[in-house]
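Participant: Predicted coordinates and the sequence they were generated for:
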Amino acid sequence: MSVSTKLFSDQMMTRFSKINEEVQLRQTKISTGRDITEASEQPIKAVKLSALEESLTQLEGFQRNVGTAQQRLSLSDVILTSADDILAQLRERAIAVNTDTVSDVDIAAFQVEVSNMREALVGLANTRTTDGQALFGGYSTDIVPFVQDAAGRIQYHGDGGAHTLAASATVRLPTSMNGAEAFMQVKTDDGIFSIFDIVDSFDAALATRTSTTDSLSADAQDGLSLSFSGDRIPRDLSFTLSGPKGEVTILAREVVGGSHERLLLAINAQSAETGVAASINVETGRLELTADSGEIQLSGLQVEGVSLASRMPPFTITTDGEPPKTMVPEVQMLDRQLAKIVKAGQDIAVSRTTIGARMQRADAQEETLQAWSVAIETDVNDLGAADLEKIITELQTLLVTRDATRQAYSRIVQGSLFDFLK
């Protein structure tokens, strides 16, 4: 069968094109290091490889989340460490002010320091991450979580949520702790308070140190003329009353500020044990305490609902002496502040322990993800890595074949077939 020149040329061009495609395919495999460049080459193998690569991509996302969690947890630990340092300084000041050698100048200096420490604590609690999220806001990461209200108290505006990030298909890692856990739930003997309230209480106790007392006393012949100040909410009130016959705890129920009736009844109910009698001065409205001999003393005042010191104590018992003395609830005194500050420090230590445990969990998850990643990368390499030595040999063979074919074709098209056969 005769073959036309045009048909021969078309066949050779097709052959050259296929050889070039094979050359380009092998060059691509060499440059990428992959045996499969198109799914159509090896469909089943390509599907397996695609699934492995998808898993690897997902793992990379989990690893980024773990890295973010580690950064946030590390920042939380730094912040809580700084807060712990501040509370340690407050403990030192609380110990110092309860010594006999402290002076008024020292107290004034301590007040300035405590005020600055309080502001520093608020700043630490409102720390934001590098991407602008509130570290201790819980789920509310776009707000300022700790804000001072009109009364001067620090309020938490965040929530109790635990911010987490996915670290695997089944594991979520906490990235910090909410502000309520970290700063607002210090358990003390007098109740649960925020760290800021405890610092404010210490500051208030410093401010009222010289103007208040925790006890009142007078000779029986002079007696005690007292005035109780409080609010209009009925509250239980107790104190220790000592007289010539003995000492008892007086409990007066539902006392209202400005009224002495219930105090009078409670004191007179114990007159047989104390030797102290109470009466109300009609002209002044003050509560008068008298005894036949010895000394009358009041101490240990406690008022229902009052657990912290205040700069302007609303509940007081005042004498009419010169100068008058003002007795305040025990919680107002400086010696009651140290225990609360110690508890605040312990609470911060627990929070740091919690953060440390979460950091360890994140580190362990990072190691697990790294192990998974290595295993999948190994499978990907085994399945999709090109045999470079074999492919280079094939490429060289194709290049030699292409060059030889081109030379032969050139000679054929330059003359007749008869000339080529001679």
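Facilitator: Great, that's in hand. Numbering: from 1, shown residues only.

Participant: Excluding covalently adjacent residues, which one is nearest to residue 98?
Facilitator: Leaving aside its sequence neighbours, residue 98 sits nearest to residue 335 (C-beta to C-beta, 6 or more residues apart in numbering; 5.3 Å). Where C-beta positions appear, they are placed from N, C-alpha and C, glycine not excepted.

Participant: Can you check the pLDDT for that neighbour?
Facilitator: Note for residue 335: predicted pLDDT of 91.

Participant: does it sit in a helix, a strand or a coil?
Facilitator: helix (DSSP: H, G, I helix; E, B strand; the rest coil).

Participant: separation between it and residue 297?
Facilitator: 18 Å (C-beta to C-beta, to the nearest Å).

Participant: more crowded one of those two?
Facilitator: The neighbour comparison of residue 335 against residue 297 (other C-beta atoms under 10 Å) goes to residue 297, with 19 against 12.

Participant: Compute the distance between that one and residue 177, please.
Facilitator: Look at residue 297 and residue 177: by C-beta to C-beta, they are 48 Å apart.

Participant: neighbours around residue 78, how many?
Facilitator: Residues near residue 78, counting by other C-beta under 10 Å: 13.

Participant: er, residue 91 I mean
Facilitator: 16.

Participant: how does the chain divide up, domain by domain?
Facilitator: 1-33+388-422, 59-207+337-370, 215-329 (automatic domain parsing).

Participant: Show me where the stretch 151-300 of the chain has its helices.
Facilitator: With DSSP state H, counting those that start in this stretch as the criterion, the stretch 151-300 of the chain has helices at 179-183, 195-207, 261-268, 271-274.

Participant: quick one: which of those helices is nearest residue 327?
Facilitator: With C-beta to C-beta as the measure, helix 261-268 is the member of the helices of the stretch 151-300 of the chain nearest residue 327 (12.7 Å).

Participant: returning to what we had before: now render the helices of the stretch 151-300 of the chain as a markdown table, adding distance to residue 160 and mean pLDDT.
Facilitator: A markdown table is the format used below for the helices of the stretch 151-300 of the chain (distance: least, C-beta to C-beta, whole Å; pLDDT from 0 to 100):
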| stretch | distance to residue 160 | mean pLDDT |
| --- | --- | --- |
| helix 179-183 | 5 | 94 |
| helix 195-207 | 17 | 96 |
| helix 261-268 | 40 | 95 |
| helix 271-274 | 49 | 95 |
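
Participant: of the ones you listed, which approaches residue 367 most closely?
Facilitator: Using C-beta to C-beta, the nearest of the helices of the stretch 151-300 of the chain to residue 367 is helix 179-183, at 27.1 Å.

Participant: and the nearest residue to residue 228 once chain neighbours are set aside, how many neighbours does it have?
Facilitator: Counting by C-beta to C-beta, 6+ apart, residue 317 is the residue found nearest to residue 228 once chain neighbours are left out, at 5.3 Å. Using other C-beta under 10 Å, residue 317 is surrounded by 23 other residues.

Participant: which residue ranges form the strands in the stretch 151-300 of the chain?
Facilitator: 154-156, 164-166, 172-174, 186-188, 191-193, 215-219, 224-229, 235-243, 246-255, 276-280, 287-291, 295-303 (DSSP state E, counting those that start in this stretch).

Participant: how about low-confidence regions in the protein?
Facilitator: 1-13, 15-53, 55, 376-396, 398-422 (pLDDT under 70).

Participant: Which single helix of it contains the most residues?
Facilitator: As assigned by DSSP state H, the longest helix anywhere in the chain is helix 43-96.

Participant: Now do the next helix-or-strand element following it against helix 195-207, angle only.
Facilitator: Using DSSP states H and E, the next helix or strand after helix 43-96 towards the C-terminus is helix 104-125. When axes from the mean of the first three to the mean of the last three C-alpha atoms, to 10 degrees is applied, the directions of helix 104-125 and helix 195-207 differ by 170 degrees.

Participant: buried sites along helix 104-125?
Facilitator: 107, 110, 111, 114, 117, 118, 121, 122, 124, 125 (16 or more other C-beta atoms under 10 Å).

Participant: and stretch 235-254, C-alpha only, in CSV?
Facilitator: Provided in CSV are the C-alpha atoms of stretch 235-254 (Å, rounded to 0.1, in the frame of the first residue of the first chain):
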residue,chain,number,x,y,z
ARG,A,235,-29.4,44.0,109.7
ASP,A,236,-28.2,41.7,112.5
LEU,A,237,-25.5,43.2,114.5
SER,A,238,-23.2,41.6,117.1
PHE,A,239,-20.3,42.7,119.4
THR,A,240,-18.6,41.6,122.6
LEU,A,241,-19.7,43.5,125.7
SER,A,242,-17.5,43.4,128.8
GLY,A,243,-18.6,44.7,132.2
PRO,A,244,-17.9,44.3,135.9
LYS,A,245,-19.7,40.9,136.0
GLY,A,246,-18.3,39.3,132.9
GLU,A,247,-18.1,39.3,129.1
VAL,A,248,-20.8,38.1,126.6
THR,A,249,-21.6,38.4,122.9
ILE,A,250,-24.5,40.7,122.3
LEU,A,251,-26.7,39.8,119.2
ALA,A,252,-29.1,42.5,118.1
ARG,A,253,-31.6,41.4,115.4
GLU,A,254,-32.7,43.7,112.5
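
Participant: what comes into contact with it?
Facilitator: By C-beta atoms under 8 Å, 6 or more residues apart in numbering, the residues outside stretch 235-254 that reach it are 220, 228, 230, 234, 255-256, 262-263, 265-267, 270, 272-276, 291-305, 315, 317.

Participant: Tell me how many other residues crowd the residue nearest to residue 299 when sequence neighbours are not counted.
Facilitator: Closest residue in space to residue 299, ignoring its immediate chain neighbours: residue 215 at 3.9 Å, by C-beta to C-beta, 6+ apart. Residue 215 is flanked by 15 other residues according to other C-beta under 10 Å.

Participant: Ok, residue 191 next?
Facilitator: If we define neighbours as other C-beta under 10 Å, then residue 191 has 13 of them.

Participant: Who is it paired with across the strands?
Facilitator: Here residue 191 sits in beta bridges with residue 188, going by DSSP bridges.

Participant: close enough to count as contact, it and residue 307?
Facilitator: Yes - distance between residue 191 and residue 307: 4.8 Å, which falls inside the contact criterion (C-beta atoms under 8 Å).

Participant: And the longest helix of the chain, how far out from the chain middle?
Facilitator: Centre-to-centre, helix 43-96 and its host chain are 13 Å apart (C-alpha atoms, centre = their mean, to the nearest Å).
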